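# Generate a structure from the sequence data that follows.
(one chain, ligands or ions: 2)
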Amino acid sequence: MKKNKRILITGGAGFIGSHVVRLFVKKYPEYEIFNLDDLTYAGNLENIHDVSSAKNYHFIKENIVNEKSVLELFKTHKFDSIIHLAAESHVDRSISDPMAFVQTNVIGTLNLLNAAKSLWKDNLEDKLFYHISTDEVYGSLGESGFFLETTAYDPQSPYSASKASSDHFVRAYANTYKMPTVISNCSNNYGPNQFPEKLIPLCINNILNSRPLPVYGKGENVRDWLYVIDHAKAIDNIFHHGKNGETYNVGGLNEWKNIDLVQALCDIVDAKLDNPKDHSKKLITFVKDRAGHDERYAIDASKLMSEINWKPSVTFEIGLSKTVDWYLSNQSWMQNITSGEYKNYYNKQYQTT
Ligand code: NAD
Ligand code: TYD
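Residues are numbered from 1 along each chain as shown. Ligands and ions are numbered 1, 2, ... in the order given. Presented below is the predicted three-dimensional model:
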């Protein structure tokens with residue numbers, strides 16, 4: 001592999017992308033890292049302020065839906081690899097506005113594929129289009145079984161349908177144009193810098209503000225949780241050691257019912273704040289279920305673990321504790337992003353006005 005790579009990372013001001021950018025900028029000073037992000041509601045340069053002045057870091061504000069600009073950027077910067085994370089990522093938003101998901105997740109991905117195809121042409125040596133996807137493309141599991149890389153796609157939400165579509169296009173470009181590609185499909189991430197529309201940071205924020213903790217339906221849906229820094233490390237390993245054309249599932253064998261998870265989170269926050277026992281659990285409120293709510297996700301990551309040297313580095317107990325610590329010591333981060341448009345989203349989603 002070339003030593004001085006020029007890597008385009010999309011969505012690097014978002015939750016997972018910021019951890020990937022930080023890891024690559026610090027670990028590989030010989031690489032030039034270009035972080036392309038349109039800074040939507042989910043993008044926040046504060047997430048990567050600590051690497052913003054590094055010599056090998058460059059920020060580009062652009063919308064991947066803008067075909068011409070994407071092509072120009074490829075011409076100007078001569079990227080030789082892409083790690084593509086930019087996406088609309090929240091299921092509830094995809095239910096109220098599916099077209100935004102088609103635009104960014106499908107058209108945006110195609111614009112990047114076309115720009116890479118056009119610039120890389122027949123010179124595909126040392127090139128890589130690494131597409132970051134989700135386990136949600138596989139649909140919903142019943143009480144047993146796991147998602148394997150060979151599980152048939154069966155997306156059930158507008159979000160997962162748009163991600164599945166983008167995965168199909170990446171594979172089609174690999175097959176048709178011999179584009180060097182890798183895809184990874186990861187389970188639910190948690191950790192520092194996650195936007196408080198997702199379950200864990202939303203509950204932490206609500207506990208801190210003594211607001212109800214909205215649990216959809218009966219809270220019996222199951223998710224498989226992975227610490228975001230472990231996902232970033234998996235992305236690093238797959239980027240460097242993944243085989244051309246392959247798919248890798250990423251997950252930590254860590255399934256939790258939503259209600260059990262929210263209760264565990266309440267206990268951790270209460271312990272850290274010296275609250276009386278069960279103080280925060282009183283805030284748990286069962287609310288109307290999400291439309292088409294997937295019942296259970298569970299990843300079998302044995303291919304990644306056996307073929308590529310990766311396993312999660314933290315237990316859920318430690319990961320959740322570190323996550324709560326981060327949110328407790330970064331309350332101004334939370335206040336900044338919840339002060340504006342977030343209020344409208346929250347009131348609409350949870351009908352609090
Ligand atoms: P996020 O919503 O926190 O961040 C998305 C980032 O993409 C933001 O910085 C946003 O500004 C940027 N973006 C959105 N639309 C854009 C556009 N049109 N042009 C340029 N930039 C744009 O998302 P995340 O949770 O960090 O997820 C990152 C990727 O990982 C996504 O592709 C998602 O599908 C995938 N993924 C997420 C999870 C999870 O649990 N969060 C799990 C598996 C896979
Ligand atoms: P979320 O963090 O939105 O991730 P995803 O939908 O991609 O799995 O939700 C995780 C689980 O928590 C999911 O089953 C929906 C549920 N949930 C709630 O019960 N209440 C909430 O307010 C949110 C945002 C999610």
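# only C-alpha atoms for contact and neighbour calcs from this point on.
Noted.
# Let's see the pLDDT reported for the residue of the chain most remote from its centre.
Farthest-out residue of the chain from its mean C-alpha position, per Cα atoms, centre = their mean: residue 276, at 34.4 Å. Residue 276 is assigned 95 on the pLDDT scale.
# Return the backbone torsion pair for it.
phi -60, psi 160 (degrees, to the nearest 10).
# Chain neighbours aside, what residue packs nearest to it?
Using Cα to Cα, 6 or more residues apart in numbering and skipping residues adjacent in sequence, the residue nearest residue 276 is residue 270, 7.0 Å away.
# what's the answer for residue 152, then?
residue 138 (6.4 Å).
# List the contacts of that neighbour.
Shown in contact with residue 138 (Cα atoms under 8 Å, 6 or more residues apart in numbering): 147, 151, 152, 153, 154, 155.
# which of the residues you listed are buried?
Neighbour-count burial (16 or more other Cα atoms under 10 Å) applied to the contacts of residue 138 gives 147, 153, 155.
# that older thread, is it possible to get the contacts of residue 138 out as JSON lines so that each row also shows distance to residue 189 and pLDDT?
Formatted as JSON lines, these follow (distance: Cα to Cα, whole Å; pLDDT from 0 to 100):
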{"residue": "147", "distance to residue 189": "16", "pLDDT": "98"}
{"residue": "151", "distance to residue 189": "21", "pLDDT": "98"}
{"residue": "152", "distance to residue 189": "22", "pLDDT": "98"}
{"residue": "153", "distance to residue 189": "20", "pLDDT": "98"}
{"residue": "154", "distance to residue 189": "21", "pLDDT": "98"}
{"residue": "155", "distance to residue 189": "19", "pLDDT": "98"}
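# ok so, going back, from ligand 2, how far off is the residue farthest from the centre of the chain?
24 Å (Cα to the nearest ligand atom, to the nearest Å).
# same question, residue 311
Residue 311 is 21 Å from ligand 2, by Cα to the nearest ligand atom.
# So that residue: helix, strand or coil?
coil (DSSP: H, G, I helix; E, B strand; the rest coil).
# just checking, what packs against the longest helix along the chain?
Counting residues, the longest helix in the chain under DSSP state H turns out to be helix 158-177. When contacts are defined as 3 or more Cα pairs under 8 Å, 6 or more residues apart in numbering; DSSP states H and E, helix 158-177 sits against helix 91-96, helix 98-101, helix 109-120, strand 128-134, strand 181-186.
# looking at the ones you listed, which is closest to residue 82?
strand 128-134 (5.0 Å; Cα to Cα).
# Paired strands for the closest one, with orientation please.
strand 81-84 (parallel), strand 181-186 (parallel) (DSSP bridges).
# from those strands, which stretch is densest packed?
With neighbours taken as mean count of other Cα atoms under 10 Å, the strands paired with strand 128-134 reach their highest mean count in strand 181-186, at a mean of 24.
# now it and helix 158-177, what's the angle there?
Strand 181-186 and helix 158-177 are oriented at 160 degrees to each other (axes from the mean of the first three to the mean of the last three Cα atoms, to 10 degrees).
# pLDDT value on the residue nearest to residue 152, please?
98.
# still on that earlier bit, which of the helices and strands packed on helix 158-177 sits closest to ligand 2?
helix 91-96 (5.3 Å; Cα to the nearest ligand atom).
# then that closest one to CSV, C-alphas only?
In CSV, the C-alpha atoms belonging to helix 91-96 read as follows (Å, rounded to 0.1, in the frame of the first residue of the first chain):
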residue,chain,number,x,y,z
VAL,A,91,-34.6,6.4,11.4
ASP,A,92,-37.3,8.7,12.9
ARG,A,93,-36.3,11.5,10.5
SER,A,94,-36.4,9.1,7.6
ILE,A,95,-40.0,8.3,8.5
SER,A,96,-41.0,12.0,8.3
